[in-house]
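K.L.:
Attaching a predicted model along with its sequence, questions to come.
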Amino acid sequence: MTDPADLELAHRLADQADAIARRYFSTGTIESRIKSDGSPVTDADREIEIVLRSLIRQKYPDDAFIGEEFGAHGHGRRRWIIDAIDGTASFLAGEPEWSTLIAVEEDGRITLGMASAPALGRRWWARPDSGSWTGPCPSNSAAPAYRLALTEGGSAQNAAIGIWPPPSRLNHQERVVAARLARGVSQVRPLLDWTAADPTVPAPRKPSAGSSTCHGALLVATGQLDAFLLLGAGPWDIAPLIPIVQEAGGTFSDLTGQYRTDTGAALFARPGLHQQLLDIAVTAN
């Protein structure tokens, strides 16, 4: 189990990230650049990652680190995984559904996950065998946190799922998987033609928009979606959400059913649905 000091540090890191992000967000005019993968990046992303890496190094100089903006640093059995701002498009649009994602990986397993969404005033975190929790941010708030718990999911045919990103950002095989899953369930968010790859279609918002959370996997952990499929993702998009979903009673794997964060795919689901959805997604018609 993760050292309780890791959770304390994660809250401190999230508080620092929240403060930096709020400073940029409050200006209402955030400049951005487009990265090689077509996604936007801001000075806030870069500053948060630099500051958090420095704070981690001060506390745990032997720990490795990987972030979306500056890559990997160091080697060791423990690694911190950071996404400075997940939901940069919402951040740039002045919408509140964005967050900082923080994880600790030990010997290939994620032993701490946290998502902090300061514009929503909410934070989610979990450690193995310690439950999945949500509460206000910053961490010194006097308001109570409460534990997340999921019920069984029933039949995949009646499920409501989220899929991300939109078809225009997926390769052919990813679109095939997304389309299979969309056809096999009751509801899909966003509601799109998952076989189409027209880059001229305006980009939709993530399934989280307007739902008081900031990531599709959090919608699963809080019982607002039955499942969420994330494709073309980095470990910083996936790892922090794993314990939050699992400790709430949900499930996680890549599309081969393995516990991996490096294959670009993640399926988070309510209990009882995971294998049904995998069977739909990976079985040829």
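P.N.:
Received, thanks. Numbering: from 1, shown residues only.
K.L.:
All the strands of the stretch 1-150 of the chain, in order from the start?
P.N.:
Counting by DSSP state E, counting those that start in this stretch, the stretch 1-150 of the chain forms strands over residues 32-34, 40-42, 64-67, 71-73, 78-86, 99-106, 109-117, 122-126, 132-136, 146-147, given from the N-terminal end onward.
K.L.:
Which one of the ones you listed lies nearest to Gly154?
P.N.:
Using C-beta to C-beta as the criterion, the shortest distance between Gly154 and the strands of the stretch 1-150 of the chain is 20.9 Å, found for strand 132-136. Bear in mind the C-beta positions are built from the backbone N, C-alpha and C, glycine included.
K.L.:
any idea how far Leu219 is from Glu8?
P.N.:
Taken as C-beta to C-beta, to the nearest Å, the spacing of Glu8 relative to Leu219 amounts to 27 Å.
K.L.:
More neighbours: which of those two?
P.N.:
Neighbours around Glu8 and Leu219, counted as other C-beta atoms under 10 Å, are more numerous at Leu219. The numbers are 26 against 12.
K.L.:
pLDDT score for that one?
P.N.:
We note a pLDDT of 95 for Leu219 in this prediction.
K.L.:
secondary structure class for the residue nearest to it when sequence neighbours are not counted?
P.N.:
Sequence neighbours aside, Leu225 is the residue nearest to Leu219 in space, at 4.0 Å (criterion: C-beta to C-beta, 6 or more residues apart in numbering). Here Leu225 takes the coil state, with states given by DSSP: H, G, I helix; E, B strand; the rest coil.
K.L.:
Leu225 contacts Arg189, doesn't it?
P.N.:
Yes: with contact defined as C-beta atoms under 8 Å, Leu225 counts as touching Arg189 (7.2 Å).
K.L.:
overlap in contacts of the two?
P.N.:
Common contacts of Leu225 and Arg189, defined by C-beta atoms under 8 Å, 6 or more residues apart in numbering, comprise Ala160, Ile161, Gly162, Pro207.
K.L.:
Tell me the most packed of these, by neighbour count.
P.N.:
The most crowded member of the shared contacts of Leu225 and Arg189 is Ile161, carrying 28 neighbours; neighbours defined as other C-beta under 10 Å.
K.L.:
need the contact list for that one.
P.N.:
By C-beta under 8 Å, 6+ apart, the contact list for Ile161 reads Leu181, Ala182, Val185, Gln187, Val188, Arg189, Leu225, Asp226, Ala227, Phe228, Leu229, Leu277.
K.L.:
quick one: average pLDDT of the helix or strand hosting it?
P.N.:
In this assignment (DSSP states H and E), Ile161 forms part of strand 160-164. Averaged over strand 160-164, pLDDT sits at 94.
K.L.:
Name the next helix or strand downstream of it, please.
P.N.:
helix 172-184.
K.L.:
now whatever helix or strand comes next after that next one, how far from the centre of its chain.
P.N.:
If you walk from helix 172-184 toward the C-terminus, the next helix or strand you reach (DSSP H and E) is strand 187-189. Centroid separation for strand 187-189 versus its chain: 18 Å, with C-alpha atoms, centre = their mean, to the nearest Å.
K.L.:
before we move on, back to that, and the strands of the stretch 1-150 of the chain as CSV, adding mean neighbour count and mean pLDDT?
P.N.:
Converted to CSV, the strands of the stretch 1-150 of the chain look like this (neighbours: other C-beta atoms under 10 Å; pLDDT from 0 to 100):
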stretch, mean neighbour count, mean pLDDT
strand 32-34, 12, 75
strand 40-42, 18, 78
strand 64-67, 20, 94
strand 71-73, 12, 87
strand 78-86, 25, 95
strand 99-106, 27, 97
strand 109-117, 25, 97
strand 122-126, 27, 96
strand 132-136, 19, 94
strand 146-147, 12, 95
